[in-house]
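Asker: Need a 3D model of the following:
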Amino acid sequence: MRAVIVEETGGPEVLTLVERELPEPGEGQVRVELAAGGVNFIDVYQREGRYPVERPFVAGSEGAGTVAEVGSSVDGLQVGDRVAWAMVPGTGYAEQAVVPADRLVPVPDGVELDVAAAVMLQGMTAHYLVSSTFEAREGQTAVVTAAAGGVGLLLCQMLRDKGVRVIGTVGSAAKAELARENGATDVVLYREVDLASEVSRLTDGQGAHVVYDGVGKDTFDAGLAVLRPRGTMVLFGAASGAVPPFDPQRLNAAGSLFLTRPSLAHYVQDREELLWRAQDVLGAVADGRLHVRIGGRYPLAEARRAHEDLEGGGTTGKLLVVP
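Answerer: Take a look at the predicted model:
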């Protein structure tokens with residue numbers, strides 16, 4: 001089988017396509033033939049060494065496919081089942097992967113496997129952000145940074161369905177239109193307009209109840225500035241780099257603000273919660289309530305280009321590597 005591995009940390013050039021022995025599932029494991037693997041910023045952080053991983057390792061941690069072999073002590077799965085997963089390191093950029101059975105979720109009829117691969121991590125991320133980290137409710141106002149990105153488009157849809165007014169930030173007119181199509185009520189071209197002033201204007205000086213920020217360093221200060229007193233900054237990513245350390249007294253001075261830095265792993269800590277979130281997301285895709293935009297499909301041999309495009313900031317929706 002073929003897989004993309006990282007032997008040394010660095011730029012996209014360290015992603016190397018190799019031939020490997022077919023992996024054998026052990027106790028409690030399943031071998032899956034991948035239909036597609038998701039490309040995520042965590043893959044970039046691991047490739048760079050920002051998130052240390054023992055090398056060499058297969059890149060990627062998300063995918064979907066068909067069960068090809070079942071190991072011992074596995075119940076409820078059989079060869080031919082359609083399954084998906086997220087946050088399983090070493091399983092994404094490959095033709096075959098061994099995945100713990102308890103990390104797999106069934107893909108319902110009506111959901112293509114590549115779509116399932118595209119929505120697992122980002123869809124469950126959007127799900128916990130709007131339902132658990134900050135319980136968004138009808139009548140509230142939310143600011144979503146990078147609203148045309150993979151998580152951003154899903155957040156816009158989920159917030160809209162909850163009756164939340166969404167103000168999205170984007171970098172171009174084309175991305176603005178895409179954000180509007182997916183539920184953003186208002187869109188701010190952050191390179192052309194001061195975000196804090198524009199949100200103040202749009203909310204009659206009241207500010208937003210919550211900011212969902214997956215960008216980090218470049219948007220964090222502006223995000224704090226747009227919040228109303230006792231508003232919540234949900235910092236869930238760092239696409240532009242890590243936020244520098246800052247004095248917590250700033251939260252007090254700005255109106256007793258809340259700040260949280262969540263991650264998906266802590267919101268799917270047991271199988272019951274994993275299934276709840278995954279089934280909610282995949283179910284919404286199956287019945288047409290949630291649209292998944294796939295912004296690019298790359299052969300395994302072009303994984304480097306997928307990373308270059310993701311880091312370049314010009315993509316929309318989700319990127320996939322396809323064996």
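Asker: ok, Pro108 - contacts?
Answerer: Contacts for Pro108 (C-beta atoms under 8 Å, 6 or more residues apart in numbering) come out as Leu282, Gly283, Ala286. From N, CA and C alone the C-beta is placed, and that goes for glycine too.
Asker: any idea how far it lies from Ala179?
Answerer: 27 Å (C-beta to C-beta, to the nearest Å).
Asker: can you check Gly255 too?
Answerer: Gly255 is 27 Å from Ala179, by C-beta to C-beta.
Asker: Which of those two has more residues huddled nearby?
Answerer: Ala179 (28 against 13; other C-beta atoms under 10 Å).
Asker: secondary structure element for that one?
Answerer: helix 173-181 (DSSP states H and E).
Asker: got the contact list for that helix?
Answerer: Residues contacting helix 173-181 (C-beta under 8 Å, 6+ apart): Val144, Ala147, Ala148, Gly152, Leu153, Cys156, Gly168, Val170, Val187, Leu189, Arg293, Thr316.
Asker: Repeat the analysis, applying 7 Å as the threshold.
Answerer: By C-beta atoms under 7 Å, 6 or more residues apart in numbering, the surrounding residues in contact with helix 173-181 are Ala147, Ala148, Cys156, Gly168, Val170, Val187, Leu189, Thr316.
Asker: pretty sure the first one contacts Ser172?
Answerer: No: assessed by C-beta atoms under 7 Å, Ala147 is found out of contact with Ser172, at 11.5 Å.
Asker: Check which helices and strands the biggest strand by length in the chain sits against.
Answerer: Longest strand in the chain by number of residues, with DSSP state E as the criterion: strand 29-39. When contacts are defined as 3 or more C-beta pairs under 7 Å, 6 or more residues apart in numbering; DSSP states H and E, strand 29-39 packs onto strand 63-70, strand 96-100, helix 113-128, strand 318-322.
Asker: can you do 8 Å?
Answerer: Using 3 or more C-beta pairs under 8 Å, 6 or more residues apart in numbering; DSSP states H and E as the contact test, the elements touching strand 29-39 are strand 63-70, strand 96-100, helix 113-128, helix 303-312, strand 318-322.
Asker: Show me how far it is from its chain's centre.
Answerer: Distance of strand 29-39 from the chain centroid (C-alpha atoms, centre = their mean, to the nearest Å) equals 17 Å.
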